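Requesting a structural model of the entry that follows:
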Amino acid sequence: MKKKCVLIVFASLVCLFYSGCKLKEGHGKKDLNPPIAEKIPKEFSLYGHIRVDNFEWLKEKNNSKVEEYLKKENAYTEAVMEHTKKLQERIYAEIIGRFSPTDMSVPWRHRAYYYYNRYEKGHEHPIFYRKKVDENGKEEVVIDANDLAKESRYFHIAEIAPSHDNSRIAYAVDKLGRRLNTIYFKDMNTGKTLKDQIPNVSENIAWANDNKTLFYCIKDDTLRPCGVMKHVLGKDASEDTVVFRETDPAFEVFVSKSKSGKYLFILCLNMLFTEYHFLDANTPEQPFRVFHPREKHVEYHIRHFGDMFYIRTNSEAQNYRLMKTPVQNTSRERWEEVIPHRDDTLLNGFEIFNNYLVLSLRKDGLPHLRIVQWENQSSYDVDFSEPAYFMRLSMNSTFATDCLRYEYSSFITPYSIIEYDMKSRKKRILKQQEVRGAYDPHQFKVERLSTIARDGRHVPISLVYKKGIKKDGENPLLLYGYGSIGSCRDPIFDIARLSLLERGFIYGIAHIRGGQELGRFWYDEGRLLSKMNTFTDFIDCAEYLVEENYTNSDKLFAIGRSSGGTTMSAVVNMRPNLFKGVIITVPFVDIITTMLDPSIPLTTVEYDEWGDPNNKKHYEYMLSYSPYDNIEPKDYPAMLVRAGFHDSQCQYWESAKWVAKLRSMKTDNNPLLLYTNMDAGHFGSSGRFEKPWETAMEYAFIFNLIGIEK
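Numbering: from 1, shown residues only. I've put the predicted structure just below:
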């Protein structure tokens, strides 16, 4: 009882301290009349088809009227949500009351040192530490993000990379949320920050083995990583050397270092094919060499081990296979198959150790691990007992160990890092997210369902809810969907979601096409001229849950962010009466106009995802579902739309234009709210205690719609 009281006091104090963080842009007189955006018609014409956009002017970020409009929308949201203020504060207090006041990552090894980070009590940002592998190693502070963040409204350390001998640290900092970083350097022998600074670059960095040469990625005007530069410590960044430049705007560029430390890699990445360049890390003055020239629709990824490169590729293998080739000769004819292709199993990734090969697989919509012994090629699968879960390989930085690290979570199992002894087959939890309070996973039930989509495909659905709930059609249900870029959305634990489940909600994930849950074909059937499957799959899943009496349309809610926001906005155009309310966060909705503008970030690199509207067939198909272009005069469900003013992935104007056009056309009186975080980008607030306010607002919005006041 005493422990519970302490938790409540701690949560209340933090809630009061951070109460100024929520809805910061709301100000002035409370006005319950929604802002009406000015209509300034702009005509677009292509293939004889004319589109008139009244709100294109909202893209003018430097126009004072734009910021004024966004702040009016924020003030309106604050006014409409004013009566839920105490509810938001209660939800926030619940969420942070479950947080541990401190938190520490699992250490990872870089040669003679272990590196890790820790959140201290009450701090928004982590402190990064290291200590020698020696048991008596003294803890050293590498970077204290809290000190560096004092003058910033947004602060995120995107990458930290120790040099080969651990004497220097390079770290990339984003102070805007726009994925534009500045690279700084610290001398760990003196503890001083060096004068070298490299502004406006990617967070991708890799050291050569001379401990003074750093390779990093530059960005073009669209924020596309487009090339690799070489920086030598002590020199001005203006003197840095271009070592690679990608001229095809459909490719992004990344730089990395092999697990062995012997090679540097440049990855040229398109949505559908790749190309690697490699260099001996001991000879940074030499040019990179092409591993295998790019081939359309052929993707490959490489790892180094011993005298071989190992290659995961979809060449003649839709679900990928594993190959190897000598380091002296990487030509395609020397590739030798190690693990063959399987029609029913996706080879998602792999990890190499001295004695074992580890395969990360997906089968029947769930992740799996297979351990293969090099010596005799015997293999076995690691057991995961839950019906639905998330699992992926963690950081495994050394070859000479029989212990594998992987990450694991489920709807009811907090995020964990597991050490698995591949020889004894025993598991050890290195870390599990702490949930303070009276959390009992046995109070909840997880289900794995499947519905038949309109074209006959079986679409998986994962559900979690509190035991005792009856399937009488009266339960509130929040359904999440994504369905893009081949990204799998597996069931994971969310400490904030307990506030939803404790109030009787069912939470579900629709594993719709466009992801890769059921293999590569699941992605291929949810992109380009098959993109509509993503949206109809989500609708079919929602209808199935209503038909099976999990919920009804007056208590059914939907949520999605980023490309998942695209899904939600398309779905409400197609079936608005299916949902009571929808939460749409940083969505991509103005498909045609955005994809016709190559100056906008991500446009050119995502032609193979959405299509290129300069192709008439693509244009007409994209126009058939583009959420912004398909708004009609009709009733829509209640909606809360959230954006980030500095978002580089789904620009703020996508949300602003969507809401402005909806307001001018919808025929209902349901709430339509837009809230733009004026200090952040795609991922919202950066602080540990700031982010829960965003969830509190979303939950309060849907609770209010069905009369939950506490």
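
got any ranges where the protein has weak pLDDT?
Along the chain, the parts satisfying pLDDT under 70 run over 1-31.

mind listing the helices for it?
For the chain, the helices defined by DSSP state H cover 2-17, 64-80, 85-98, 145-148, 498-501, 520-524, 532-547, 563-574, 591-595, 607-610, 616-625, 652-665, 691-705.

Just send those helices back as TSV, with distance to residue 455 and mean neighbour count too.
Heads up, the C-betas are built off the backbone N, CA and C, glycines and all. Shown next, in TSV, are those (distance: least, Cβ to Cβ, whole Å; neighbours: other Cβ atoms under 10 Å):
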stretch	distance to residue 455	mean neighbour count
helix 2-17	48	14
helix 64-80	39	19
helix 85-98	40	21
helix 145-148	49	16
helix 498-501	32	21
helix 520-524	13	20
helix 532-547	7	22
helix 563-574	15	26
helix 591-595	22	23
helix 607-610	20	21
helix 616-625	16	17
helix 652-665	28	22
helix 691-705	31	23
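
Distance to residue 429 added to those helices, as CSV?
Output for the helices of the chain, formatted as CSV (distance: least, Cβ to Cβ, whole Å):
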stretch, distance to residue 429
helix 2-17, 22
helix 64-80, 42
helix 85-98, 19
helix 145-148, 27
helix 498-501, 20
helix 520-524, 31
helix 532-547, 33
helix 563-574, 31
helix 591-595, 44
helix 607-610, 37
helix 616-625, 44
helix 652-665, 40
helix 691-705, 25
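
Of those, which is nearest residue 343?
helix 520-524 (9.4 Å; Cβ to Cβ).

packing partners for the closest one?
Contact partners of helix 520-524 among helices and strands, from 3 or more Cβ pairs under 8 Å, 6 or more residues apart in numbering; DSSP states H and E: none.

who's in contact with it?
Contact with helix 520-524 is made by 314, 318-320, 346, 485-486, 513-516, 530, as judged by Cβ atoms under 8 Å, 6 or more residues apart in numbering.

Show me which of those residues are buried.
314, 319-320, 346, 485-486, 513-516 (16 or more other Cβ atoms under 10 Å).

Just to be sure, which of the residues you listed are found in strands?
If you go by DSSP state E, the buried ones among the contacts of helix 520-524 have residue 346 in strands.

which one among the buried ones among the contacts of helix 520-524 gets closest to residue 625?
The shortest approach to residue 625 among the buried ones among the contacts of helix 520-524 belongs to residue 514, at 12.2 Å (Cβ to Cβ).

Return the set of buried residues in the longest strand that the chain contains.
Ordering each strand of the chain by length in residues (DSSP E) puts strand 192-207 first. When burial is assessed from 16+ other Cβ under 10 Å, strand 192-207 yields the following buried residues: 196, 198, 201-207.

same check, this time on stretch 214-231
Neighbour counts over stretch 214-231 (16+ other Cβ under 10 Å) mark 214-219, 222-231 as buried.

chain center to that stretch, what's the gap?
Centre-to-centre, stretch 214-231 and its host chain are 21 Å apart (Cα atoms, centre = their mean, to the nearest Å).

can you check stretch 160-171 too?
Counting by Cα atoms, centre = their mean, stretch 160-171 comes out at 26 Å from the chain centroid.

Can you show me the CA trace of it as CSV?
Extracted as CSV, the C-alpha positions of stretch 160-171 are listed here (Å, rounded to 0.1, in the frame of the first residue of the first chain):
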residue,chain,number,x,y,z
ILE,A,160,26.6,7.5,-31.2
ALA,A,161,29.6,5.8,-32.7
PRO,A,162,32.9,5.1,-30.9
SER,A,163,36.1,5.0,-33.0
HIS,A,164,37.9,1.7,-33.6
ASP,A,165,40.1,2.2,-30.5
ASN,A,166,37.3,3.9,-28.4
SER,A,167,39.4,7.0,-28.0
ARG,A,168,36.9,9.3,-29.8
ILE,A,169,33.1,9.4,-30.0
ALA,A,170,31.1,10.8,-33.0
TYR,A,171,27.5,11.6,-32.3
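
State the phi and psi torsions of the closest residue to residue 665 other than its chain neighbours.
Among residues not flanking residue 665 along the chain, residue 633 sits closest, at 5.0 Å (Cβ to Cβ, 6 or more residues apart in numbering). Per-residue torsions, residue 633: phi -70, psi 100 (degrees, to the nearest 10).

burial count for residue 633?
8 (other Cβ atoms under 10 Å).

residues contacting it?
Taking Cβ under 8 Å, 6+ apart as the contact definition, residue 633 lies against 665-667.

Now render those residues as JSON lines, adding distance to residue 333.
Listed next are these as JSON lines, based on distance: Cβ to Cβ, whole Å:
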{"residue": "665", "distance to residue 333": "60"}
{"residue": "666", "distance to residue 333": "61"}
{"residue": "667", "distance to residue 333": "65"}
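
which residues touch residue 81?
Taking Cβ under 8 Å, 6+ apart, we find residue 81 in contact with 23, 88, 673, 697, 700-701, 704.

Report the two of the residues you listed separated the most.
23 and 704 (14.9 Å).

Any idea how many residues pack against residue 133?
Neighbours around residue 133, by other Cβ under 10 Å: 12.

Alright, calling it a day.
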